[in-house]
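A.B. asks: Provide a 3D model corresponding to the input given below.
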Amino acid sequence: MLGASLKGKSVIVTGASKGIGKGIARVFVEHGAKVLVVGRDLASAEATAKEFVAQGGTASAFSADVSQLADMEKMAKAAAERHGGIDVLCANAGIFPQVTIENMSPEVWDEVQDVNLKGTFLSVKACIPYLKKSSAGRIVITSSITGPITGFPGWTHYGATKAGQLGFMRTACMELAKFGITVNAVLPGNILSDGLKAMGEEYMKGMAAAVPLGKLGEVEDIGYAALFLASREAGYITGQTIIVDGGQILPESPDALAQM
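C.D. replies: The predicted structure is shown next:
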């Protein structure tokens, strides 16, 4: 059964107190993993961890800023002390404030790079010493279709980080292969999360209409893709991406969808 190999494994999920990160964390908890719920706001992370525990899972909360190496080192140490090591890192934390290039300040650009791209690097760096001790170390990065494949006005900074994550992944997987650690990425399309809901009802309707499956994805859809990449069954897969978008990137034009 897929996911059975994750039972008892120590898993870190950054940006896990809400949205896609919470969906990822929930799927791992439901499959018996011990999950460290990481978020900048401790109260939110604790509420999420308590929710998982109340449902019979094993989870604890940790407050950290992924853009700070000291925080990531403390996070890794906490996961190892609480859950007996680190087997899986889901580098999920990310932000996406929408602003056009013309109106974007260098400070906003830097903030998005620091959280999304630098945060991926620092979380991976901090966890490597522990992942090397695991019998099957796994790193799963939450990238996006935006940047690597598609574009959307107002998200040049976000798209740059998401494409950058894949460049990072392709060399990281080579460096870490000798330790038996795999590095892969999930590329979500439009997922029904807190961030997407903030874009408004009309935006969500428009996005759903652009998806061949006719609906937005659920956060757990990303969780199951991450679960597979972290599983024993995916042990010979590294440096690869899984697109989870309901077919959104496939139509050549709106007319293609109208023919369905």
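A.B. asks: Please count neighbours and contacts with C-alpha atoms only from this point.
C.D. replies: Fine.
A.B. asks: any weak-confidence spans in the chain?
C.D. replies: Low-confidence segments of the chain, defined by pLDDT under 70: none present.
A.B. asks: The longest helix belonging to it - contacts with which helices or strands?
C.D. replies: Longest helix in the chain by number of residues, with DSSP state H as the criterion: helix 156-176. Contact here means 3 or more C-alpha pairs under 8 Å, 6 or more residues apart in numbering; DSSP states H and E; on that basis helix 156-176 packs against helix 106-112, strand 182-188.
A.B. asks: Dump that helix to CSV, restricted to CA.
C.D. replies: Extracted as CSV, the C-alpha positions of helix 156-176 are listed here (Å, rounded to 0.1, in the frame of the first residue of the first chain):
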residue,chain,number,x,y,z
THR,A,156,7.6,37.7,-12.0
HIS,A,157,9.4,37.5,-8.6
TYR,A,158,7.5,34.3,-7.6
GLY,A,159,7.9,32.7,-11.0
ALA,A,160,11.7,33.3,-10.8
THR,A,161,11.9,31.6,-7.5
LYS,A,162,9.9,28.6,-8.6
ALA,A,163,12.0,28.1,-11.7
GLY,A,164,15.1,28.6,-9.5
GLN,A,165,14.0,25.8,-7.2
LEU,A,166,14.1,23.4,-10.1
GLY,A,167,17.6,24.5,-11.0
PHE,A,168,18.7,24.0,-7.4
MET,A,169,17.0,20.5,-7.4
ARG,A,170,18.8,19.2,-10.4
THR,A,171,22.3,19.7,-9.0
ALA,A,172,21.3,19.0,-5.4
CYS,A,173,20.1,15.5,-6.3
MET,A,174,23.4,14.8,-7.9
GLU,A,175,25.4,16.0,-4.8
LEU,A,176,23.2,14.0,-2.4
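A.B. asks: could you pull out the helices for the protein?
C.D. replies: Going by DSSP H, the chain shows helices at 19-30, 42-54, 69-83, 106-112, 119-131, 156-176, 194-197, 201-209, 219-230, 254-258.
A.B. asks: any idea which of those is most buried?
C.D. replies: Neighbour counts (mean count of other C-alpha atoms under 10 Å) averaged over each of the helices of the chain peak at helix 19-30, with a mean of 25.
A.B. asks: sorry, back to before: quick check: which of the helices and strands packed on helix 156-176 is nearest to R82?
C.D. replies: strand 182-188 (23.3 Å; C-alpha to C-alpha).
A.B. asks: So what sits opposite P188 in the bridge?
C.D. replies: Legend: beta-bridge partners of P188 under DSSP bridges are V244.
A.B. asks: Next, count neighbours for it.
C.D. replies: 23 (other C-alpha atoms under 10 Å).
A.B. asks: same deal with the one 3 residues further on?
C.D. replies: Burial of I191, expressed as a neighbour count using other C-alpha under 10 Å, amounts to 25.
A.B. asks: give me every residue that touches it.
C.D. replies: I20, L216, G217, E218, V219, D245 (C-alpha atoms under 8 Å, 6 or more residues apart in numbering).
A.B. asks: one more time with 6 Å
C.D. replies: L216, G217, E218 (C-alpha atoms under 6 Å, 6 or more residues apart in numbering).
A.B. asks: Redo those as JSON lines? Include distance to T14 and neighbour count.
C.D. replies: Output for the contacts of I191, formatted as JSON lines (distance: C-alpha to C-alpha, whole Å; neighbours: other C-alpha atoms under 10 Å):
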{"residue": "L216", "distance to T14": "23", "neighbour count": "22"}
{"residue": "G217", "distance to T14": "20", "neighbour count": "20"}
{"residue": "E218", "distance to T14": "18", "neighbour count": "16"}
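A.B. asks: Which one of those residues is nearest to V29?
C.D. replies: E218 (16.8 Å).
A.B. asks: That closest one is in contact with L192, isn't it?
C.D. replies: Yes: in this structure, E218 is within contact of L192 by C-alpha atoms under 6 Å, at 5.4 Å.
A.B. asks: follow-up on the earlier one: what's in contact with the longest helix of the chain?
C.D. replies: Here helix 156-176 makes contact (C-alpha under 6 Å, 6+ apart) with F96, W109, N116, L117, S143, S144, T146, G147, P148, T182, V183, G239.
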